[in-house]
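[1] A predicted structure for the sequence below; I have some questions about it.
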Amino acid sequence: MILNQPLTLKVADEILLQGNGIIGPVTLAYETYGSLNKDRNNAILVCHALSGDAHVAAHSDLESETPGWWGAAVGPGKAFDTNRYFVICSNVLGGCAGSTGPSSVNPSTGQPYGLGFPVITIGDMVQAQSRLLDALGIHELLAVVGGSMGGMQALQWTVSFPTRVRSALILASASRSTAQTIALNEVARQAIYADPNWKRGGYYGSPSPLSGLAVARMLGHISYLSDQSMRSKFGRRLRDRQAYGFDFVPEFQVETYLKHHGLRFTERFDANSLLYLTKAIDYFDLSFGLPNLSDAFRTVTSRFLVISFSSDWLYGPPQSEELVRAMLKNGIDATYVEIQSDAGHDAFLVEVERLSDLVRDFLRQVKADRSPLGYGRGAVFRNRRVLEHLHGDGI
Amino acid sequence: MMTRQDWNVIIDLIPAGTRVLDLGCGDGGLLAQLLAHKKVFARGVEQDEGNVRACVARGLSVRHGDIEAGLADFADQDFEYVILSQTVGCLQHPLPVLREMLRVARFGIVSFQNAGYWRNRLRAWVGNGSGPTLVSGQPLIRSITMRQFNQAVEQEGLQVEQRIDLAGSRRIWGCPSLRAQTVVSVLQRVRYTGLAV
């Protein structure tokens, strides 16, 4: 199959949202890699993070393509081996890379949604993805994987569709956003609100709030790095000057780096999408409405590989450990690894070679554990656990 | 395949098909053997990233982290057996760990090198001290004698249900506090007979 841009598919006429109202019609942009086997049980869904899109990797038969945001991890012979697995990646609901989002045209007005787009949640993104899989004829996922916001979607998948997900790989993520992450997201949003071009989201057809979006991205970038990685990457080095200029021109390497990435981001991202996606991250809390987090995993049967990175301070080891504890308290089959890395939150994207063996070994085991009765070794124990819970609830 | 002298004993002690947690499971060697010989439901806790990776390569499910944090993650009586093989001497707070072990499992299996073994005593008296040396650079390891261990077990409200004393890989019967090189104990909570609980 030759692909130059993601496929798009209308996955639902309307989706009932977790927060308020409905959204529809819903279109998702997606790309696929490898091929679905006869039993339709080798599919892996990759969920992207805040700034990602459906283009997770280049297609091996199409040399001119850009490498993709996780090209080192997805492809023939790579960690997510497309010779064995059928990999699907879709742009999230609310995104701006082909899926329905605030920059899409609202069919009832004929104008872009802008702030007329309803506030969506991670759960809503997962609902939309499930419709996409329905349309592709895939009932069961061998694995769902994601880092950061993608990890939240993967977690939500195991909770929303316990019978459809055999395993989940959760990288640099968390079961809920903390005050610190909400605070950072709010500052990013305030940067956009403060841009006079934003016009309460109604900027389509006029100049976009590029400077606000760039500042939001610069802030994001700081949170993706670590103290160690910034020291080694930039130190106090100057970019184009031999000596301090004693003025306000960006001169430290770290300043020009942030400026460059902030500007580059505005070329491909919609400011309103950033508002909606950060809001979805803020609302994410698997324990919402429950006495405690471990209750969220009561009916979950998936097997987990949870990975954190030592220098990640955005979704670091303590959050992953909280997650793992909630899983283990429920007797869920979870493996946890904290990878030593200086790369901060970005590690899940840039330290792919440190992930590859773990991913490969884990997937191989998940695949091998298929028993005719269902979800493999441990299923008897897990099912017993679920039955006990049901019994305990008086059902 | 690397086998430690206490492993065969531990494998014999554990009935087939039970739920087993190995604390400080290393590269998963013991769990892999338990899986192969006893078809147990195997889980591990391990502190070293490289070892955790080796466990994942064996297809094992392991929680990376120190033993104290790892134990706290498991629900009460989640396992039949929890193993602490040659690790109790390296723990910062060994007694709370023993207590926690019998919270998450019915039986605890603890093995350690007996510091009272006659060769160790001899080395402590006339040799160049006992245990890890400055030069070896090993982390702090406590010297544990059989009597010390039994006292601690009693103090924690636990009991030694069964004990297997080894010299090399051979089981010995007489004069264990002097002759046992490795001690494998099966621990259980003290049962209060005659009391309605």
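    Received it, and whenever you're ready, just let me know what you need.
[2] spatially central residue for chain A, please.
    A:G150 (1.7 Å; C-alpha atoms, centre = their mean).
[3] A strand includes that residue, no?
    No: counting by DSSP: H, G, I helix; E, B strand; the rest coil, A:G150 is not part of a strand but helix.
[4] what's the pLDDT at it?
    A:G150 is assigned a pLDDT of 98 by the prediction.
[5] list the buried residues in stretch A:326-343.
    For stretch A:326-343, a neighbour-count test (16 or more other C-beta atoms under 10 Å in any protein chain shown) marks A:326-339, A:341-343 as buried. For every residue, glycine as well, the C-beta is placed using N, CA and C.
[6] for the closest residue to B:D78 other than its chain neighbours, give me the backbone phi and psi.
    Sequence neighbours aside, B:V104 is the residue nearest to B:D78 in space, at 5.3 Å (criterion: C-beta to C-beta, 6 or more residues apart in numbering or on different chains). Main-chain torsions, B:V104, degrees, to the nearest 10: phi -90, psi -10.
[7] B:G157 now?
    phi 70, psi 30.
[8] before we move on, what about the one 3 residues further on?
    Main-chain torsions, B:V160, degrees, to the nearest 10: phi -90, psi 110.
[9] which among the buried residues of stretch A:326-343 are in contact with chain B?
    Filtering these for proximity to chain B by C-beta under 8 Å from any C-beta of the partner chain leaves A:328-331, A:333-339.
[10] what ranges do the strands span in the stretch 251-395 of chain A?
    Assigned by DSSP state E, counting those that start in this stretch, the stretch 251-395 of chain A shows strands spanning A:303-309, A:334-339.
[11] give me the contacts around stretch B:4-15.
    With contact meaning C-beta atoms under 8 Å, 6 or more residues apart in numbering or on different chains, stretch B:4-15 is reached by B:20, B:29-30, B:33-34, B:37-38, B:40, B:80-81, B:83, B:85-86, B:109, B:111, B:162, B:164, B:166, B:168-169, B:171, B:181-182, B:184, B:186.
[12] so who does residue 140 touch?
    Defaulting to chain A. By C-beta under 8 Å, 6+ apart, the neighbours of A:E140 are A:40-41, A:43, A:163-166.
[13] hmm, no, I was thinking of chain B.
    B:90, B:132.
[14] how about the residues of chain A by chain B?
    Neighbours of chain B within chain A, by C-beta under 8 Å from any C-beta: A:303, A:305, A:321, A:324-325, A:328-331, A:333-340, A:357-358, A:361-362, A:364-365, A:368, A:378, A:381.
[15] just send the strands of the stretch 251-395 of chain A back as CSV, with mean pLDDT too.
    Listed next are those as CSV, based on pLDDT from 0 to 100:
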stretch, mean pLDDT
strand A:303-309, 98
strand A:334-339, 98
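[16] quick revisit: could you give the number of residues near the residue nearest to B:D78?
    Close neighbours of B:V104, defined as other C-beta atoms under 10 Å in any protein chain shown, add up to 23.
[17] which pLDDT value goes with A:F381?
    Note for A:F381: predicted pLDDT of 48.
[18] with A:Q129 instead?
    98.
[19] how far away is the residue lying closest to it once chain neighbours are set aside from chain B?
    Closest residue in space to A:Q129, ignoring its immediate chain neighbours: A:S90 at 5.9 Å, by C-beta to C-beta, 6+ apart. To chain B, A:S90 is 28 Å away according to C-beta to the nearest C-beta, to the nearest Å.
[20] how about the helices in chain B?
    For chain B, the helices defined by DSSP state H cover B:5-13, B:29-38, B:49-57, B:67-72, B:94-104, B:118-126, B:146-155, B:176-179.
[21] okay, those in CSV with mean pLDDT next?
    Formatted as CSV, those follow (pLDDT from 0 to 100):
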stretch, mean pLDDT
helix B:5-13, 94
helix B:29-38, 97
helix B:49-57, 98
helix B:67-72, 93
helix B:94-104, 96
helix B:118-126, 87
helix B:146-155, 94
helix B:176-179, 94
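[22] who's in contact with B:Q188?
    Listed by C-beta under 8 Å, 6+ apart, the contact partners of B:Q188 are B:102, B:106-108, B:158-159, B:161.
[23] ok, now A:N272?
    A:N272 neighbours (C-beta under 8 Å, 6+ apart): A:96, A:101-103, A:113-115, A:117, A:201.
[24] quick check: of those residues, which has the highest neighbour count?
    A:P102 (26 neighbours).
[25] ok, that one touching A:S273?
    Yes: counting by C-beta atoms under 8 Å, A:P102 does reach A:S273; the two are 5.9 Å apart.
[26] tell me, what's touching the two both at once?
    Shared contacts of A:P102 and A:S273, counting by C-beta under 8 Å, 6+ apart, come down to A:94, A:96.
[27] where does the stretch 251-395 of chain A dip in pLDDT?
    Scanning the stretch 251-395 of chain A for pLDDT under 70 picks out the ranges A:370-395.
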